[in-house]
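*Asks:* below are the sequence and a predicted model; questions follow.
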Amino acid sequence: MRYLVKARVKSEKARDLVRAITNGTLGKGSIAGEEYLHDMEQARVNDQGVATWVETCFCDPPLAEERPYWQEYFQLLSVKDAHSRRTCRHENGTEAWACCDCDCTKRLEERLAVQDEPFLESLRVRQRASS
């Protein structure tokens, strides 16, 4: 299933998050592997500091595996279905693990890509400014 995640970086963890992303250690030890880094590369941030990204997850409840990794750096504000579960081939049983290569959220991700600012760029600029 694909989820629309909204979160705010914990101010005291911003520097650690930049370091984990730069070093490639964000999510280290998780079954989700490099998905965390991909999510951060795709994430957008608005002028209130809310980051938004689409995340693929097969856990029940949503983000059960990922939540501890995200909560280390973020206050999770919302995790919602990014599209209808009825049409999700993984969820409706027509194709196991379909979300890995599915384009069901392509339009949503295209809209997000032109909204607000790139999250990583914004995070790095803020960190340089506060140093």
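*Replies:* Looks like it came in fine. Computed from a prediction, not measured in an experiment: that's the story for all the values here.
*Asks:* what ranges do the helices span in the chain?
*Replies:* Using DSSP state H, the helices of the chain run over residues 14-23, 35-42, 67-73, 106-113, 119-130.
*Asks:* and the longest one, which residues are buried?
*Replies:* Within helix 119-130, the residues scored as buried using 16 or more other CB atoms under 10 Å are 119-120, 122-123, 126. Placement of C-beta: from N, CA and C, glycine included.
*Asks:* how far away from the center of its chain is that helix?
*Replies:* Using CA atoms, centre = their mean, to the nearest Å, the distance from the centre of helix 119-130 to the centre of the chain it belongs to is 18 Å.
*Asks:* how about stretch 108-121?
*Replies:* In terms of CA atoms, centre = their mean, the centre of stretch 108-121 is found 12 Å from the chain centre.
*Asks:* now it: buried residues?
*Replies:* Under the neighbour-count criterion of 16+ other CB under 10 Å, stretch 108-121 has 109, 112, 116, 119-120 buried.
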